[in-house]
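Trainee: A predicted structure for the sequence below; I have some questions about it.
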Amino acid sequence: MGPQTHQTARYTLATTGRHEAQASSGLVVATGTGATGWCRSLWLEHHSPLRLPGPTDPGLAWFVREAWPSPATGTSYTEGLLGDDALRLRVESENVVVFGDGMEADRLDLTWGQSLTVARSPHHLHLVV
């Protein structure tokens with residue numbers, strides 16, 4: 001999730017019991033199979049103590065990209081793991097896009113006042129050997 005122009009998006013980020021108004025260049029959420037690319041890069045950049053999910057783990061990892069502190073926005077809630085809870089974003093800017101696996105052309109367009117909820121799916125990956 002991020003601004004279509006790859007500049008700055010404003011939103012409120014929330015999970016159970018915690019929320020923060022933020023301005024950043026976006027947010028990356030990854031499954032265990034997706035925790036090796038962009039997500040891993042953010043994990044390393046954050047010097048994160050979180051354990052990234054493995055390929056068959058049901059959880060999700062999330063990281064905020066380049067959070068900007070200001071009098072109205074914070075930078076204290078920039079990473080986490082999702083188990084049974086959900087990550088909710090309320091968009092507070094224009095031209096925010098949501099896409100998966102780097103396929104920006106196949107996206108959802110969000111604008112001021114719209115919300116996005118990301119949660120773990122009841123369906124899981126089954127590896128075939």
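Mentor: Thanks, I have the structure now.

Trainee: Mind checking the pLDDT average for stretch 40-57?
Mentor: Averaging pLDDT along stretch 40-57 yields 93.

Trainee: what residues does that stretch touch?
Mentor: 28, 30-33, 35, 39, 59-61, 63, 65, 78-81, 124-125, 127 (CB atoms under 8 Å, 6 or more residues apart in numbering). C-beta here means a position set from N, CA and C on the backbone, and glycine is covered the same way.

Trainee: And stretch 69-89, by the same measure?
Mentor: Against stretch 69-89 from outside (CB under 8 Å, 6+ apart): 1, 10-16, 18-23, 27, 29, 42-43, 46, 48, 50-51, 53, 58-64, 67-68, 115-120.

Trainee: Centre of the chain to stretch 83-96, how far?
Mentor: Offset of stretch 83-96 from its chain centre (CA atoms, centre = their mean, to the nearest Å): 8 Å.

Trainee: Please flag which of the contacts of stretch 40-57 sit within helices.
Mentor: Using DSSP state H, the subset of those located in helices is C39.

Trainee: Now list the buried members of the contacts of stretch 40-57.
Mentor: 28, 30-32, 35, 39, 59-61, 63, 65, 78-80 (16 or more other CB atoms under 10 Å).

Trainee: JSON lines for those residues, including distance to V91?
Mentor: Formatted as JSON lines, the buried ones among the contacts of stretch 40-57 follow (distance: CB to CB, whole Å):
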{"residue": "V28", "distance to V91": "17"}
{"residue": "A30", "distance to V91": "21"}
{"residue": "T31", "distance to V91": "23"}
{"residue": "G32", "distance to V91": "27"}
{"residue": "A35", "distance to V91": "25"}
{"residue": "C39", "distance to V91": "22"}
{"residue": "G59", "distance to V91": "25"}
{"residue": "L60", "distance to V91": "20"}
{"residue": "A61", "distance to V91": "22"}
{"residue": "F63", "distance to V91": "18"}
{"residue": "R65", "distance to V91": "16"}
{"residue": "T78", "distance to V91": "18"}
{"residue": "E79", "distance to V91": "20"}
{"residue": "G80", "distance to V91": "19"}
